[in-house]
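1. only the shape, not the letters, is given here:
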């Protein structure tokens, strides 16, 4: 079910309910799944500067095409920026050990050339998919560890600061990219994922409220929480900020249900209780959860609640 929001000559259909976190052809057949997230790396799209190919997106779409369901788009930037950008000596980079296993190099979001290339990327993606009625949500790419989440996993504060990080630079960089993607996709809902940065919830809180209150964006850019777990002990200040946030809220479940240690009291279902408490309209559980029927009743209940809560506004 969708909400149609009239903005002058623009109608925005915002997704509601459960989507897969990846396009599995078996899982998408589950009746509780209303669509799927399609993720693709920036370096797959633009391996050569100014030359764009969206074959990687279309390959994933082909896997679920027969299901005739909706989809969301996540372009993964950050460490997956093209080498011609990350190797540009004129652009500052954040270099650190990602999850203590791989050294990554991330061009900074606030650099003018990075902003220019992200804007052109948005325009190229919109040219391909902006008129696709099945595309319901576009994530804002971020120059971070994994390229969508606003999270510098394992990056020391000193390393961030040496690359030129300040709260104002980070906030303005993310907000500019969000505005450029919103301009490229004028009929789509968008989401910016948030995490604490340097153990502070303030940058994320500024970003989500600034974007929502920006009249030029027409209440199209909501907030995403890719760490929904039922817990409030992790990033508690940011959980509270998201609860208080007046705009659209999107989420992805933090882990598979089999990893019980990630959930409040070891209970996967706590995710859906927390989603109601926070007012989250859309969740991406891991695709494996849709392959059986263990959680069908839980998923149906959430879809029904989301429809009643957000589907008739």
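-> Happy to help now that I have it. Only a predicted model underlies this, so the values are computations on that prediction, with no experimental measurement involved. Residues are numbered from 1 along each chain as shown.
2. for stretch 12-28, what is the average pLDDT?
-> Regarding stretch 12-28, the rounded mean pLDDT is 96.
3. what comes up buried for it?
-> 12-24, 27-28 (16 or more other C-beta atoms under 10 Å). Yep, even glycine has a C-beta here, placed from its N, CA and C like the rest.
4. what does stretch 173-191 give?
-> For stretch 173-191, burial by neighbour count (16+ other C-beta under 10 Å) applies to 173-182, 184-185, 187-191.
5. show me how far it is from its chain's centre.
-> 12 Å (C-alpha atoms, centre = their mean, to the nearest Å).
6. tell me where the model's unsure across this structure.
-> Regions of the chain meeting the criterion pLDDT under 70 cover residues 1-10, 100, 312-313.
7. ranges for the strands of it?
-> For the chain, strands defined by DSSP state E occupy the ranges 2-7, 10-15, 17-20, 35-41, 70-76, 93-98, 102-107, 135-139, 189-193, 221-228, 249-253, 282-284.
8. can you list contacts of stretch 57-68?
-> Residues from elsewhere that reach stretch 57-68, judged by C-beta atoms under 8 Å, 6 or more residues apart in numbering: 23-25, 28-29, 36, 38-40, 45, 71, 73, 128-129.
9. let's see that with 7 Å instead.
-> Stretch 57-68 has contacts (C-beta atoms under 7 Å, 6 or more residues apart in numbering) with 23, 25, 28, 29, 36, 38, 40, 71.
10. now for the residues you listed: which two are most distant?
-> 29 and 40 (22.6 Å; C-beta to C-beta).
11. nearest residue to residue 180 in space, please, no chain neighbours.
-> Once flanking residues are discounted, residue 180 sits nearest to residue 119: 4.2 Å by C-beta to C-beta, 6 or more residues apart in numbering.
12. before we move on, what about residue 84?
-> residue 49 (5.1 Å).
13. I figured that neighbour hits residue 87, correct?
-> No. Taking contacts as C-beta atoms under 7 Å, residue 49 lies outside contact range of residue 87: 11.3 Å.
14. check the burial of the residue nearest to residue 180 by counting its neighbours.
-> Neighbours of residue 119 under the rule other C-beta atoms under 10 Å: 17.
15. ok, now the one 5 residues further on?
-> Residue 124 is flanked by 18 other residues according to other C-beta under 10 Å.
16. for residue 77, what are phi and psi?
-> phi -100, psi -130 (degrees, to the nearest 10).
17. chain neighbours aside, what residue packs nearest to it?
-> Residue 77 sits nearest to residue 141 (C-beta to C-beta, 6+ apart), 3.7 Å away.
18. who's in contact with the one you found?
-> 42, 75, 76, 77, 118, 147, 148, 177.
19. residue 309: which of the residues you listed is nearest?
-> Closest approach to residue 309 among these (C-beta to C-beta): residue 148, at 25.4 Å.
20. so what's the closest one up against?
-> Per C-beta under 7 Å, 6+ apart, neighbours of residue 148: 74, 76, 139, 141, 142, 193.
21. then residue 274?
-> 228, 230.
22. picking up where we left off before, ok, so of the buried residues of stretch 12-28, who is nearest residue 310?
-> residue 16 (5.1 Å).
23. surely that closest one touches residue 275?
-> No. Residue 16 is beyond contact range of residue 275, at 11.9 Å (criterion: C-beta under 7 Å).
24. which residues touch the most centrally placed residue in the chain?
-> Centroid-nearest residue in the chain: residue 139, 4.2 Å away (criterion: C-alpha atoms, centre = their mean). Residue 139 makes contact with 73, 74, 148, 191, 193, 224, according to C-beta under 7 Å, 6+ apart.
25. if we use 6 Å, what do you get?
-> 74, 148, 191 (C-beta atoms under 6 Å, 6 or more residues apart in numbering).
26. please report how far the nearest residue to residue 170 once chain neighbours are set aside lies from residue 82.
-> What sits nearest to residue 170 in space, not counting adjacent residues and going by C-beta to C-beta, 6+ apart, is residue 203, at 5.5 Å. Note on residue 203: its distance to residue 82, by C-beta to C-beta, to the nearest Å, is 26 Å.
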